[in-house]
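Engineer: curious how this folds, go ahead:
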Amino acid sequence: MSFSTKKRFIAGVSCPKCALLDKVVAYSDGEKSYRECVACGFVDQIRLQAEPRELQTRVNTPAEQIAAETSPVRLIDPNN
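Structural biologist: Numbers count the residues shown, from 1 in each chain. Next up, the predicted model:
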């Protein structure tokens, strides 16, 4: 993910230097992405991480694995 070369404000972000809210813009210069505060002039290179891996859920887990992890439950009547 990279930002466009046009500077765009990032809503809800506060500057790490001056702590003012909604004063940070993001832009890209070639292969590098930057964030910049328009109030105090703080500039930082954004280190973007790789795509996050998909979380394991019952929807994307193979049926064989679910069957192997499933065990029956025996209910016990407390009156007997």
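
Engineer: for the rest of this, base every contact and every neighbour count on C-alpha atoms.
Structural biologist: Noted.

Engineer: for this protein, what spans make up the strands?
Structural biologist: 8-9, 24-29, 32-37, 43-46 (DSSP state E).

Engineer: can you list the strands that the first one pairs with?
Structural biologist: For strand 8-9, the pairing partners within the sheet under DSSP bridges are strand 24-29 (antiparallel).

Engineer: helices and strands of this protein: which one bottoms out on pLDDT?
Structural biologist: Sorting the helices and strands of the chain by mean pLDDT, DSSP states H and E puts helix 63-69 at the bottom, at a mean of 84.

Engineer: and that helix, how far out from the chain middle?
Structural biologist: 29 Å (C-alpha atoms, centre = their mean, to the nearest Å).

Engineer: Ala26 contacts Phe9, correct?
Structural biologist: Yes. Contact status for Ala26 versus Phe9: in contact at 6.3 Å, counting by C-alpha atoms under 8 Å.

Engineer: and these two? Which one has more around it.
Structural biologist: Ala26 (22 against 17; other C-alpha atoms under 10 Å).

Engineer: let me see the contact set for the nearest residue to Glu36 once chain neighbours are set aside.
Structural biologist: Nearest non-adjacent residue to Glu36, counting by C-alpha to C-alpha, 6 or more residues apart in numbering: Val43, 4.4 Å away. Applying C-alpha atoms under 8 Å, 6 or more residues apart in numbering, we find Val43 in contact with 34-37.
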